[in-house]
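Student: My questions are about this predicted structure, shown below with the sequence.
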Amino acid sequence: MTDASTQTLDATPEVPATAPDAGPTREGIPVLSLDHVSYSYTKGGKKIFHDLSYKFESGKVYAITGPSGAGKTTLLSLLSGLANPTEGEVLKGGANLAKLDRYRFRSHDIGVIFQSFNLLPSLTVAENIILSIDASGKKFDEPKKDMALRMLERVRLKPEYAGERILHLSGGEQQRVAIARALSYEPSIILADEPTGNLDLSTQDDIMDIFKTLAHRENKCVILVTHSPEVASQSDVVFQLAALRKRRPATR
Ligand SMILES: Nc1ncnc2c1ncn2[C@@H]1O[C@H](COP(=O)(O)OP(=O)(O)OP(=O)(O)O)[C@@H](O)[C@H]1O
Ligand SMILES: [Mg+2]
């Protein structure tokens, strides 16, 4: 799926048609939706978004692009329940996220990968992953150490890395651990802010392969913020988040 459809997310975009080759079992199910969402950081302050509506489906990789300051990170914080829309609703399935237990949503249903990784540098790789399994409060039959090793395999890191401290890893390796940690409690939605920033092109391709596998084989909904044209071109749907405020002075 290299021919990503490009949309401008500055009003109410069309919901993209399901991919033509998608059979009934592969059809995406809306997992997160924006329903007429507007947002400003302060009451009556500048609007970062105005009236955004969209449905994010399982089984797809979405890339959100746009100039610095367009509101990409802000959009991820709304989708991850860290902030509430000023107007409109973010829906998980059909339920208003603002009314759900957002701690549970964040620790169970979504895996968030921050640009700065937010790994604990003095702990080992396995300890970082196990910490997030513990924080989810989910119960698994498999021993946590085995789960951690399985997550490393998914992000193509050798098992020897399990006992390595984060501060001994390269940027690309840390990025893989951050993804492994986000996957550790099996969330159905993955959100990532600039997941391939500062990585060379081949590592970037490798990381994108992981995200594509998660969406296309494991039916997860993957939403990435990126400045990279290569990442955008490898995604199924590309949003260009227009800078609303920058266009305003054009009105005489
Ligand atoms: N906590 C905040 N309080 C007030 N304004 C904020 C806050 N965080 C961000 N903004 C403003 O909101 C706008 C959008 O910021 P955001 O971080 O979402 O942009 P971005 O598209 O992620 O940019 P970049 O590509 O540089 O990361 C910016 O103008 C920024 O100054
Ligand atoms: Mg940002």
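Tutor: Perfect, I can see it now. Ligands and ions are numbered 1, 2, ... in the order given.

Student: Based on its surroundings, how many neighbours for Pro67?
Tutor: By other CB atoms under 10 Å, the residues close to Pro67 number 13. For the C-beta atoms, the positions are set from N, CA and C on the backbone; glycine is no exception.

Student: make that Lys46, sorry
Tutor: For Lys46, the tally of surrounding residues (other CB under 10 Å) stands at 10.

Student: Do I have it right that it meets Gly69?
Tutor: No: here Lys46 lies out of contact with Gly69, judged by CB atoms under 8 Å, at a distance of 10.9 Å.

Student: so how far is Met147 from the closest residue to Leu91 other than its chain neighbours?
Tutor: Of all residues not flanking Leu91 in the chain, Ser33 sits nearest, at 4.3 Å (CB to CB, 6 or more residues apart in numbering). To Met147, Ser33 is 31 Å away according to CB to CB, to the nearest Å.

Student: Point me to the helix or strand that includes the residue of the stretch 51-200 of the chain at minimum distance from ligand 2.
Tutor: Closest approach between the stretch 51-200 of the chain and ligand 2, counting by CB to the ion: Thr73, at 3.2 Å. Following DSSP states H and E, the helix or strand that holds Thr73 is helix 72-79.

Student: And that helix, what does it pack against?
Tutor: Using 3 or more CB pairs under 8 Å, 6 or more residues apart in numbering; DSSP states H and E, the elements in contact with helix 72-79 are strand 30-40, strand 47-57, strand 61-65, strand 189-193, strand 221-225.

Student: what about Gly44, how many neighbours?
Tutor: 7.

Student: Let me see the contact set for it.
Tutor: By CB atoms under 8 Å, 6 or more residues apart in numbering, the contact list for Gly44 is empty.

Student: repeat for Leu34
Tutor: 52-54, 78-79, 88, 90-91.

Student: for Lys43, same thing?
Tutor: By CB under 8 Å, 6+ apart, no residues touch Lys43.

Student: before we move on, what about Ser80?
Tutor: Ser80 makes contact with 106, 110, 112, 191, according to CB under 8 Å, 6+ apart.

Student: Please, where are all the helices along the stretch 1-150 of the chain?
Tutor: 72-79, 102-104, 125-136, 144-154 (DSSP state H, counting those that start in this stretch).

Student: now those helices as a markdown table including mean neighbour count?
Tutor: A markdown table is the format used below for the helices of the stretch 1-150 of the chain (neighbours: other CB atoms under 10 Å):
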| stretch | mean neighbour count |
| --- | --- |
| helix 72-79 | 21 |
| helix 102-104 | 13 |
| helix 125-136 | 20 |
| helix 144-154 | 17 |
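
Student: rank those helices by pLDDT, which is bottom?
Tutor: Comparing mean pLDDT over the helices of the stretch 1-150 of the chain, the weakest stretch is helix 102-104, at a mean of 86.

Student: Remind me what that helix packs against, helices and strands.
Tutor: The contact analysis (3+ CB pairs under 8 Å, 6+ apart) places helix 102-104 against no helix or strand.
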